[in-house]
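**Student:** Got a predicted structure here, sequence first:
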Amino acid sequence: MSEDIFDLIIIGGGPAGLTAGMYASRARLNCVLFEKMMPGGQVLFTDVIENFPGFSKPIKGPDLIKEIVEQAKRSGLKIVNEGTLKISHTSQNGHNFIIECDSKKRYKTLSLIIAAGAVWKKLGVQGEENLIGKGVSYCATCDGPFFKGRDVIVVGGGDRALEESLFLSKFTNSVKLVHRRDQFRAVKELQERVFENEKITPIYDSVITEVGGRNSVEFVKVTNTKTKKVEIVSCGAIFIFIGIDPNSATVKGLVNIDEKGFVIVDKEMKTSQEGIYACGDIIKKDLYQIVTAVGEGATAAFNAQRYIEGLKNKVF
Ligand SMILES: Cc1cc2nc3c(=O)[nH]c(=O)nc-3n(C[C@H](O)[C@H](O)[C@H](O)COP(=O)(O)OP(=O)(O)OC[C@H]3O[C@@H](n4cnc5c(N)ncnc54)[C@H](O)[C@@H]3O)c2cc1C
């Protein structure tokens, strides 16, 4: 396969990349998708999805992904389990880009879709780094069940923080939901469910300033941003949902990104570099959801197809 010149290489096998791959394969482009872990992206770590159209009952994240992967493969999408390390731009020998993978294998392609998604942001406070996996977590679905009957802290005020608080409240003793502002920005429906839940206590205008414990999390320091009062709160775990950092290191310098590292695209999902498209959580946008990621994936593939066809008519 390493000798082929692909029409299209897709980097990242979350909902955005898989949908782009499905559309590209149905368009019979010579396309391959590289995924460094197993396909699914962040959805693999999501307990239930309640806002993806087509399911009248909540669907488990891994179950939704299984369907999307099977659908993409049925369309003929090739998925390679490898991370991509480096992208070089070249205009020689009938291809535009060379991709180097973690295994050092190199692949040539006419165009690219970057769908590498994002990872969870860290608080950056004392104790956080040392206690990751020992009570500091960024995934309630993965780690929550270890804290059955315990008191836990959740940090954040968006949809994800509230969803995960509701999930944790099913088996923990209590959830303190610490948010730096005086109201949540999550959708009203989630807010209503949180306010009705007796196990969840919102703590507004507050930030975590330290995570403490010898071998595992034992307490956090919560500082009120208005009064500056510091409170030590005992807990067994802290779950952090304060936003995402885009996985854009491989495209830095190649396409325009904003000050936070999100890739800038136009409405066709085109980046500043001709032949490179981007979609999903890696791009600068307003709504970071599965439904937007899949729509952008389809748009990116459609426009990459038009670009490739134009290129073939012109050059070859
Ligand atoms: C806990 C949680 C709950 C959520 N709940 C909801 C919800 O209820 N509803 C909703 O709509 N959205 C929800 N979201 C958000 C949703 O999961 C994301 O918006 C969506 O997954 C974005 O898809 P994506 O394909 O852009 O990126 P991702 O899902 O981040 O996938 C990117 C993929 O790219 C791969 N990758 C990265 N770099 C490379 C590389 N160099 N080479 C190869 N592969 C690479 C990664 O391994 C990953 O698999 C939730 C997210 C989380 C974390």
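**Tutor:** Yes, it's here.

**Student:** hang on, Glu218 packs against Ile232?
**Tutor:** No: Glu218 is beyond contact range of Ile232, at 9.8 Å (criterion: CB atoms under 8 Å). In short, each C-beta sits where N, CA and C put it, glycine included.

**Student:** Now do the shared contacts for the two.
**Tutor:** With contacts taken as CB atoms under 8 Å, 6 or more residues apart in numbering, Glu218 and Ile232 have no neighbour in common.

**Student:** higher neighbour count, these two?
**Tutor:** Glu218 (16 against 11; other CB atoms under 10 Å).

**Student:** quick one, what contacts that one?
**Tutor:** Here Glu218 is in contact with 212, 234-236 (CB under 8 Å, 6+ apart).

**Student:** make it 6 Å
**Tutor:** By CB atoms under 6 Å, 6 or more residues apart in numbering, Glu218 lies in contact with Gly212.

**Student:** and if you look at Thr250?
**Tutor:** By CB under 6 Å, 6+ apart, Thr250 lies in contact with Ile87.

**Student:** State the distance from it to the ligand.
**Tutor:** Here the criterion is CB to the nearest ligand atom, to the nearest Å. By it, Thr250 lies 5 Å from the ligand.

**Student:** Do the lengthiest strand in the chain and the ligand come into contact?
**Tutor:** In the chain, taking DSSP state E as the definition, the longest strand is strand 106-114. No: counting by CB under 6 Å from any ligand atom, the ligand has no neighbours in strand 106-114; the shortest distance is 8.9 Å.

**Student:** what's that strand packed up against?
**Tutor:** strand 5-11, strand 97-101, strand 276-278, helix 290-315 (3 or more CB pairs under 6 Å, 6 or more residues apart in numbering; DSSP states H and E).

**Student:** quick one: contacts of the helix or strand following it?
**Tutor:** Beyond strand 106-114 on the C-terminal side, the first helix or strand identified by DSSP states H and E is strand 118-120. Applying CB under 6 Å, 6+ apart, the contact partners of strand 118-120 are 138, 244-246, 281.

**Student:** give me the beta-bridge partners of the residue nearest the centre of the chain?
**Tutor:** What sits nearest the mean C-alpha location of the chain, by CA atoms, centre = their mean, is Ala118, with 3.9 Å. Under DSSP bridges, the beta-bridge partners of Ala118 are Pro246.

**Student:** Buried only: go through the contacts of strand 118-120 for me.
**Tutor:** 138, 244, 246, 281 (16 or more other CB atoms under 10 Å).

**Student:** To what extent is Lys60 buried, counted in neighbours?
**Tutor:** As a burial measure, Lys60 scores 14 neighbours (other CB under 10 Å).

**Student:** Which residue is the nearest non-sequential neighbour of it?
**Tutor:** Val48 (5.8 Å; CB to CB, 6 or more residues apart in numbering).

**Student:** just checking, Ser165 is part of a strand?
**Tutor:** No: Ser165 is assigned helix when assessed by DSSP: H, G, I helix; E, B strand; the rest coil, not a strand.

**Student:** Could I get the contacting residues of it?
**Tutor:** 154, 175, 177, 200.

**Student:** Just the pLDDT for the first one.
**Tutor:** Spelled out, it's Val154. Confidence at Val154, expressed as pLDDT, is 98.

**Student:** tell me what the helix or strand that contains it is packed against?
**Tutor:** Per DSSP H and E: Val154 is located in strand 151-155. Of the remaining helices and strands, those touching strand 151-155 by 3+ CB pairs under 6 Å, 6+ apart are helix 159-168, strand 174-178, strand 237-240.

**Student:** Is Thr141 part of a helix or strand, or is it coil?
**Tutor:** helix.

**Student:** quick one: pLDDT of it?
**Tutor:** 83.
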